[in-house]
Structures are given as structure tokens and as C-alpha cells.
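Asks: this is a predicted model, with the sequence first.
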Amino acid sequence: MPMELLYAQAEARPDHEAIVHRGERVSYAELVDQIERLARGLADQGIGAGDAVALVLRDDPWFVASFYAVTALGAIVVPVNPGFKQAELEFGFRNCDVRCVIADERSAGVCERIAAGMDGPVQVVSTSAAHGQALTIDALIERSAGERLPARAADETFIYQFSSGSTGRPKRVPRTHGQCAAEAQLYASLGLTADDRIFGAIPLFHTYGMGACLFAAAATGATLVILEDPNPFLLQRQRALELLEQERATVFPGVPFNFRLLAEAPADADLSSLRLCFSAGTALPRSAFEAFGEKFGVLVRQLYGTTETGIIAANMDGDPVGTFDSVGAPTGDVEVAIVDGDGAPLPTGEVGEVVVASPAMTSGYSGLDEVNRVAFRDGRFFTGDLGRLDDGGRLQLQGRKKLLIEVGGYKVDPIEVEDVVAAHPKVGEVVVLGVPGKAAGEEVVKAVVVPSDDCDDRELVQFCQERLANYKVPRIVEFREEIPKSPLGKVLRKYMV
């Protein structure tokens, strides 16, 4: 199980660096001690097996300690984007029946307001007492003694995350200790070792950051070097280059705009220590691949995964130039098939839906039996992504069946944004879609609106900013007299791009 992996690292290399963040260096022995003390402190507050605990934290050592302390108790960790607005946080808390929230000083106040309106008691633990919070992580750790935590069963629920899956609004994705431990081993199978230093610039609350940073380090004993406050990355790219060089990072999981912005940075850096760069989230444009390779002498490889499955494939080919547009062969025991609309397998080279079977895969969305009958069949997950397999078994993604919008490495569900825009009293009808951004391969959110009253785009954007994380807010608002539809009433999105 994931905590057992950390115990193994602490026993094998207690003084080896587990985390580097700002000026802080935390060894594996120190990290395990923090986890044990925090777990005991949470237990003293009544948190136990089966309780959901939300993390509304920036990427730092407290996130890592909290993540493992919660799960080692048998409680269920709910990592949440700290950039979410109150309505988004409340949705997650209520959907998961959260009993405790661990938040940083920027989020603790709003979390306390949400907690006050929840059914049943919800405790809020803050990283500091900056705003008068009575319960802090420091206090829990200082008054708690550490002791080895019992191993959890493989079928116990480890985490709740949210995904739009192949259809519709955000769905709760439960994964077990056994499934998360399996994903950790899938990352280890990529050849990472304790000598590696993983550069963490992707959010740890996201399934990609959780797998490529947290689980990969726990499975291999690698050091996680966390970039402090990475957003907006445009303003942090110089710091990212300095940290990559100073800490001699060897593995860099990122998203396409990370590599594009670093390639376009005016400053140079010695990144010769890097041996593996992975790009995921959306297709890596050839221009970004070539620019990063030319500037730093490192070739970026594509990686593919989903919230439902964890990592699926990674390009470990000996010729990363010739296969740059491939996400590689399935990792470890993962199986990938390409099927037609009826679920029948397609021959090599033909494009169809990507279907996955993996030991790290969830068994289905919580409480959505009808959706699960479509998305999870015969022990496989129907991803909604389109792709084809080549003669070497490498997967090339060709787009998607689902409507998700890729914004700066995040996936935006247009239905969720439509719900918010439609709630405005001056909106009669709305359709939200992704349109090409300024950079190749990047999208922005566009709202096409049929107003019911006089309205301007600034009014709608402000309305969304108050209710949605910034990356979900429409950057383009277009007003129309009607939404184009087929004779059967189907929205024709292709006429609104």
C-alpha cells in the first residue's frame, strides 16, 4: 500500500531527501515522523477509517504529509484545487460528505464558512493561525507522539477525485489503496530510482501530479523537488529554470505549456541533468517539442493517463524524435484496445475509442450505475478518447469523443460552465466550447450566449469569476440571436467555433 512504500524508503534510506521546497529539506525519516504525528493528531480529533478529509492546500511538504496521514488512518483523502471558489469547494465537500478539511491560510476562512453550513460537524485544520484558526497542523503534531501506522487493506478506499469521465458533469472517482499502490509500481516500471530528483511543477491535487510526483517518489525513493507557487507559470518560469539547474532535477513531468514557456524564456539554464521529461494533459505540439529540445538538449516524451485509471502509457521509445507524437506503449500490466462504436476491437492502424484495463483503475463512479454500465464494461474503462495503435503497439491519440476543453493542462467540463452561465438572470440559452488559443495545441473557453435581456460580456465574466476557478471562466463571450441546431434539436457546436 502507498504508506507501506514510504515506510520501506524510510527504513532503507532514512536520511535521503524526500522533499525539497523553498529552503526546506525533509528526509524520508522526517517525513514519516510528520505523517505519524499528524495521523495521531487527526485520530485524537475523532477522524478515523471511512471519514472523508479534504485537502485545500498548495503544493508543499504539508500537502504530502497530510495526504499520507489521512490515508494511513484509513480515512479517505479528497484533494481539492486550492484555486476553487466557494461554490466549487462546497460541491466537493457535500458530494464526499467531508468530515474534516485541512486548508492553508488562504483558504481556511472560506472553508470554515462552508463547514458552518454543512450537515453534521466538520473540522477545519489550518496550516497556520494567521486568521485566528484554533486548530493548526503544528498544534496537532506538537502534542502527538508518532507510532507506526497499521497497514491498510487493499480494498479500502484511498481517495476521492472528480472527473467528467466520458460524459456529463463532474463525477466522484473512488480509488482504493490497492489501486493506488498499483499505480505507484507502474511509475516505478518506467525506470525511476532513488537517484532521481523529480521536479514538481504540476499540482499534486491532480491525478497526474499525484502519480508522477507523490506515488513515483514513494515507490522508488526518489526526491521530490517542489516548485513553490507555480502559477501563473509565465511569471515563475525563471524560478523554474533556476530550480531545475540548482537541484539537478532528472525527471520533469509537465504539460505542454510548461515546456513551451521554458523554451521561450529569455534566460538559459543548464538542464543537462534531465534524463526524462514527460508531457501530458493534451497533445504536445511539434513546435514546443522542437523548441525545448533545441534550447536545452532534452527531448520531451508524451505520457497518457486519466483520473479513472492513473497512468496508461508513456513514450519510452529509443527514438523519441521519430515517435514524438505517440504516447507510447501501455505501461506495465496496463492493456489498451481500440474499439468501434459497438465495442468491437479494430485492426492495427484504425482509429477508434481507447479502452483500458489496468490494476490501478477504479471500478466505477460513486452512485452512478447507469453511467457505469456505459463507461465501465467487462473490466475495462471506455475513455472517450480516440486513438490508434501502430505496429509496435504504440498508442497515438487522435482527439476525443467527449467535449472536455484543455486549458493550460486542466480539463474543463463545458457542461459545468454552462450551468453557471445559465444561472445568470439575463441569459436565455448558452453553449460553452473550446476554441484554439494563441499557442499551438492550446484552447480557451468560449461561451455562446442568447441573452434574455440587455447584457454585456464583462457582466457575465464577472459572474463566472465569482463562482468558478479562473481557468474555467470564459475568455470569449459571443452573443447570438439563436443557437445553431440540427432539425432534431442537437446543438451544432461546429458552427460556433
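Replies: Cool, got the structure.
Asks: quick one: contacts for the residue nearest to residue 153 when sequence neighbours are not counted?
Replies: Of all residues beyond its chain neighbours, the one nearest residue 153 is residue 177 (6.9 Å), with distances taken as CB to CB, 6 or more residues apart in numbering. Quick note: C-beta positions are derived from backbone N, CA and C, even for glycine. Counting by CB atoms under 8 Å, 6 or more residues apart in numbering, residue 177 touches 1-2, 71, 152-158.
Asks: next one: residue 177 from residue 421, what distance?
Replies: 39 Å (CB to CB, to the nearest Å).
Asks: equivalent analysis for residue 183, please.
Replies: 36 Å.
Asks: settle it for me: which of these two has more neighbours?
Replies: Neighbour count, other CB atoms under 10 Å: between residue 183 and residue 421, residue 183 has more, with 30 against 24.
Asks: in a helix, that one, correct?
Replies: Yes - applying DSSP: H, G, I helix; E, B strand; the rest coil, one finds residue 183 inside a helix.
Asks: right, and it touches residue 362 too?
Replies: No - shown here, residue 183 and residue 362 do not form a contact pair, counting by CB atoms under 8 Å, at 10.9 Å.
Asks: model confidence for the closest residue in space to residue 433 that isn't next to it in sequence, exactly?
Replies: Closest residue to residue 433 apart from its sequence neighbours, by CB to CB, 6+ apart: residue 493 at 5.2 Å. Here the pLDDT value assigned to residue 493 is 76.
Asks: ok, now which ones touch residue 493?
Replies: 403, 431, 433 are the contacts of residue 493 under CB under 8 Å, 6+ apart.
Asks: let's see it at 10 Å
Replies: 403, 414, 431-434, 448, 483-484 (CB atoms under 10 Å, 6 or more residues apart in numbering).
Asks: do residue 31 as well
Replies: 6, 9-10, 14, 17-19, 61, 64-65, 68, 217-218, 224.
Asks: how about the secondary structure of it?
Replies: From three-state DSSP, the assignment for residue 31 is helix.
Asks: quick check, residue 11 in a strand?
Replies: No - assessed by three-state DSSP, residue 11 does not belong to a strand; its assignment is helix.
Asks: burial of it, as a residue count?
Replies: Applying other CB under 10 Å, we find 11 residues neighbouring residue 11.
Asks: one step back: could I get the contacts of residue 31 as JSON lines with distance to residue 397 and pLDDT?
Replies: Shown next, in JSON lines, are the contacts of residue 31 (distance: CB to CB, whole Å; pLDDT from 0 to 100):
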{"residue": "6", "distance to residue 397": "33", "pLDDT": "98"}
{"residue": "9", "distance to residue 397": "34", "pLDDT": "98"}
{"residue": "10", "distance to residue 397": "38", "pLDDT": "97"}
{"residue": "14", "distance to residue 397": "42", "pLDDT": "98"}
{"residue": "17", "distance to residue 397": "35", "pLDDT": "98"}
{"residue": "18", "distance to residue 397": "34", "pLDDT": "98"}
{"residue": "19", "distance to residue 397": "33", "pLDDT": "98"}
{"residue": "61", "distance to residue 397": "35", "pLDDT": "97"}
{"residue": "64", "distance to residue 397": "31", "pLDDT": "98"}
{"residue": "65", "distance to residue 397": "36", "pLDDT": "98"}
{"residue": "68", "distance to residue 397": "32", "pLDDT": "98"}
{"residue": "217", "distance to residue 397": "27", "pLDDT": "98"}
{"residue": "218", "distance to residue 397": "28", "pLDDT": "98"}
{"residue": "224", "distance to residue 397": "28", "pLDDT": "98"}
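Asks: low-confidence stretches in the stretch 351-497 of the chain?
Replies: 401-402, 486-490 (pLDDT under 70).
Asks: how close does the closest residue in space to residue 320 that isn't next to it in sequence sit to residue 290?
Replies: Of all residues not flanking residue 320 in the chain, residue 299 sits nearest, at 4.5 Å (CB to CB, 6+ apart). According to CB to CB, residue 299 and residue 290 sit 9 Å apart.
Asks: doesn't residue 70 make contact with residue 98?
Replies: No - assessed by CB atoms under 10 Å, residue 98 is found out of contact with residue 70, at 11.1 Å.
Asks: identify the contacts common to those two.
Replies: 51-54, 76, 78.
Asks: Serialize these to CSV and add fields for distance to residue 138, secondary structure and neighbour count.
Replies: Listed next are the shared contacts of residue 98 and residue 70 as CSV, based on distance: CB to CB, whole Å; DSSP: H, G, I helix; E, B strand; the rest coil; neighbours: other CB atoms under 10 Å:
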residue, distance to residue 138, secondary structure, neighbour count
51, 22, coil, 17
52, 23, strand, 23
53, 18, strand, 27
54, 19, strand, 29
76, 24, strand, 24
78, 22, strand, 25
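Asks: what do residue 183 and residue 362 both touch?
Replies: With CB under 10 Å, 6+ apart as the test, residue 183 and residue 362 both reach 175, 309-310.
Asks: just the residues you listed now: which is nearest residue 231?
Replies: Taking CB to CB as the measure, residue 231 lies nearest residue 310 of the shared contacts of residue 183 and residue 362, at 23.4 Å.
Asks: which strand residues bridge that closest one?
Replies: Note on residue 310: beta-bridge partners residue 306, judged by DSSP bridges.
Asks: phi, psi of residue 449?
Replies: phi -120, psi 130 (degrees, to the nearest 10).
Asks: for it, grab the count of nearby residues.
Replies: By other CB under 10 Å, neighbour count at residue 449 equals 24.
Asks: and it, what does it touch?
Replies: For residue 449, counting by CB under 10 Å, 6+ apart, the contacting residues are 421-422, 424, 426-432, 455, 457, 460, 474, 477-480, 483.
Asks: separation between the residue most central in space within the chain and residue 226?
Replies: Centroid-nearest residue in the chain: residue 206, 1.8 Å away (criterion: CA atoms, centre = their mean). Distance from residue 206 to residue 226, counting by CB to CB: 14 Å.
Asks: quick check: neighbours shared by those two?
Replies: Joint contacts of residue 206 and residue 226 (CB under 10 Å, 6+ apart) are residue 213.
Asks: returning to what we had before: how about JSON lines for the contacts of residue 31, with neighbour count and secondary structure added?
Replies: Compiled in JSON lines, those are given as follows (neighbours: other CB atoms under 10 Å; DSSP: H, G, I helix; E, B strand; the rest coil):
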{"residue": "6", "neighbour count": "23", "secondary structure": "helix"}
{"residue": "9", "neighbour count": "24", "secondary structure": "helix"}
{"residue": "10", "neighbour count": "21", "secondary structure": "helix"}
{"residue": "14", "neighbour count": "15", "secondary structure": "coil"}
{"residue": "17", "neighbour count": "19", "secondary structure": "strand"}
{"residue": "18", "neighbour count": "26", "secondary structure": "strand"}
{"residue": "19", "neighbour count": "24", "secondary structure": "strand"}
{"residue": "61", "neighbour count": "20", "secondary structure": "helix"}
{"residue": "64", "neighbour count": "27", "secondary structure": "helix"}
{"residue": "65", "neighbour count": "25", "secondary structure": "helix"}
{"residue": "68", "neighbour count": "25", "secondary structure": "helix"}
{"residue": "217", "neighbour count": "29", "secondary structure": "helix"}
{"residue": "218", "neighbour count": "28", "secondary structure": "helix"}
{"residue": "224", "neighbour count": "27", "secondary structure": "strand"}
